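S.K.: A structural model of the following input is requested.
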Amino acid sequence: MHWNGDRNDQVHVACIGGHRPYACNEHGHDGFWELVYVRHGVLFHAINGIEYRQEAGSISIIRECDRHALAGERVAYVNVSFDVEIADALRMLPRSDESHLHRIDHSASLVGLLPRPERSAFDERCKQLAAHSRQPDALILLVGVVTTALQHIWARPDPSLPAWLSTLLPLLEGQDPVPDLPALIDCAGVSHEHLARAMRRHCGLTPRRFLDRCRVNRAAYHLATTDAAISDIAIACGFADLARMSRVFSRERGLSPRAWRRQERQHLMG
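M.R.: Numbers count the residues shown, from 1 in each chain. Model prediction:
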């Protein structure tokens, strides 16, 4: 185990695991929260009495009220711990659907899956947080890491998630173009009304809003990793045109596609 900083830091980051079997008995947290991000391998993570099989890209947030235990072999994960005072500050930020911060108060365990195209960027942000954990901008970096995680909490392996929906959601992660609503209904094999009810309950989104978010996630990946024209990316990801993508992208990410590309390039360049 390697800690960046010491246990008196308000924010610290650890890279845990390796080739040997790893286990940590059930415990609670006194005065801090944890974000767990699996880099590779499989982590068996029991949270509040329910065991989750967390594979590469899986994310969980453990609050002060939660209890958990972890075990795995040949697993490596990043642990981001932060003081409960910081968690309280996060909870006081504006709670819009776009911020995803409202999910902190879910009664269910906060477990989700980061789409494959976003994992390397998330890993890099964790490294930046580790390098800046004692500096004034640590809180800004932490908010970015936590809100990115919360954006994907809807994908958690919820025991109550219908089998057809748990199969459908991962299929949309890396698909270009993201299907339209009729194709989604056809793939789900249920009525539009049934699909809408299930997605509002388990994902917190309407089917149309869910598809928009998938398209934005794919577009964000291509903007950050390719030099393709933004108009070409819009069509490739399933948007009707560039104007439509710009509106939806700005709503979901808070930046225009061009500004997002510029920001991500700056991150990659250090």
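S.K.: so who does the residue in the chain sticking out farthest from the centre touch?
M.R.: For the chain, the largest distance from the centre (CA atoms, centre = their mean) belongs to residue 191, which lies 28.4 Å off. Residues near residue 191 by CB atoms under 8 Å, 6 or more residues apart in numbering: residue 185. Where C-beta positions appear, they are placed from N, C-alpha and C, glycine not excepted.
S.K.: Use 46 as the first number for this chain going forward.
M.R.: In the new numbering, first residue 46, that becomes residue 236.
S.K.: Can you give me the distance of it to residue 224?
M.R.: Distance from residue 236 to residue 224, counting by CB to CB, to the nearest Å: 17 Å.
S.K.: Same question for residue 188.
M.R.: Distance from residue 188 to residue 224, counting by CB to CB: 32 Å.
S.K.: Likewise for residue 81?
M.R.: For residue 81, the distance to residue 224 - CB to CB - is 32 Å.
S.K.: Repeat that for residue 90.
M.R.: Spatial separation of residue 90 from residue 224 under the definition CB to CB is 31 Å.
S.K.: Kindly report the same for residue 119.
M.R.: For residue 119, the distance to residue 224 equals 36 Å [CB to CB].
S.K.: Between those two, which is the more surrounded one?
M.R.: Per other CB atoms under 10 Å, whichever of residue 119 and residue 224 has more neighbours is residue 224, with 17 against 13.
S.K.: does that one sit in a helix, a strand or a coil?
M.R.: Following DSSP: H, G, I helix; E, B strand; the rest coil, we place residue 224 in the coil state.
S.K.: Tell me if I'm right that it and residue 252 touch.
M.R.: No: here residue 224 does not reach residue 252: they are 10.7 Å apart, not a contact under CB atoms under 8 Å.
S.K.: Residue 279 and residue 287 touch, don't they?
M.R.: Yes: using CB under 8 Å, residue 279 is in contact with residue 287, at 4.7 Å.
S.K.: ok, these two, which is more surrounded?
M.R.: Higher neighbour count among residue 279 and residue 287: residue 279, with 25 against 17, using other CB under 10 Å.
S.K.: quick one, what contacts that one?
M.R.: Applying CB under 8 Å, 6+ apart, the residues contacting residue 279 are 264, 286, 287, 289, 290, 302.
S.K.: mind giving me the domain split of the chain?
M.R.: Per automatic domain parsing, the domain ranges recorded for the chain read 47-200, 208-313.
S.K.: mean pLDDT for the ones you listed: which is lowest?
M.R.: Here the domains of the chain differ in mean pLDDT, and the lowest is domain 47-200 at a mean of 81.
S.K.: Give me the buried positions along stretch 214-226.
M.R.: By neighbour count on 16 or more other CB atoms under 10 Å, the buried set for stretch 214-226 is 214, 217, 218, 223, 224.
S.K.: In the stretch 146-295 of the chain, mark out all the helices, start to finish.
M.R.: Counting by DSSP state H, counting those that start in this stretch, the stretch 146-295 of the chain has helices at residues 164-176, 183-196, 208-216, 226-233, 237-247, 252-270, 275-281, 287-298.
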